[in-house]
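J.: Below are the sequence and a predicted model; questions follow.
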Amino acid sequence: MTDDKSMEMKGEAQKTKGRLEETAADAAARMRRIGEKKR
């Protein structure tokens with residue numbers, strides 16, 4: 001495996017991590033909105 005390839009993989013992993021964190025934040029916001037609707 002070349003250094004280029006491992007750097008590429010690292011970049012992809014970071015992108016995916018960022019996407020997961022965004023999704024988690026979206027889910028938390030959605031849950032909060034649903035919770036407010038129920039009240």
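T.: Nice, thanks for sending it over.

J.: Quick check: residue 12 vs residue 5, distance?
T.: With distances taken as CB to CB, to the nearest Å, residue 12 is found 11 Å from residue 5. Quick note: C-beta positions are derived from backbone N, CA and C, even for glycine.

J.: Point out where this structure drops to low pLDDT.
T.: For the chain, the stretches flagged by pLDDT under 70 are 1-2.

J.: at 90 instead, please
T.: Residue ranges of the chain with pLDDT under 90: 1-20, 36-39.

J.: what ranges do the helices span in it?
T.: For the chain, the helices defined by DSSP state H occupy 3-38.

J.: Centroid-nearest residue for it?
T.: The centroid of the chain falls nearest to residue 20 when counting by CA atoms, centre = their mean (1.6 Å).

J.: Alpha carbons of stretch 8-25, as PDB, please.
T.: In PDB, the C-alpha atoms belonging to stretch 8-25 read as follows (Å, rounded to 0.1, in the frame of the first residue of the first chain):
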ATOM      1  CA  GLU A   8      -6.600   8.900   0.600                       C
ATOM      2  CA  MET A   9      -8.200   6.400   3.000                       C
ATOM      3  CA  LYS A  10      -7.600   8.800   5.900                       C
ATOM      4  CA  GLY A  11      -9.300  11.600   4.000                       C
ATOM      5  CA  GLU A  12     -12.300   9.400   3.300                       C
ATOM      6  CA  ALA A  13     -12.500   8.300   6.900                       C
ATOM      7  CA  GLN A  14     -12.500  11.900   8.100                       C
ATOM      8  CA  LYS A  15     -15.200  12.900   5.500                       C
ATOM      9  CA  THR A  16     -17.300   9.900   6.700                       C
ATOM     10  CA  LYS A  17     -16.800  10.900  10.400                       C
ATOM     11  CA  GLY A  18     -17.800  14.500   9.600                       C
ATOM     12  CA  ARG A  19     -21.000  13.200   7.900                       C
ATOM     13  CA  LEU A  20     -21.800  10.900  10.800                       C
ATOM     14  CA  GLU A  21     -21.400  13.800  13.300                       C
ATOM     15  CA  GLU A  22     -23.700  16.000  11.100                       C
ATOM     16  CA  THR A  23     -26.300  13.200  11.000                       C
ATOM     17  CA  ALA A  24     -26.100  12.800  14.800                       C
ATOM     18  CA  ALA A  25     -26.600  16.600  15.200                       C
END
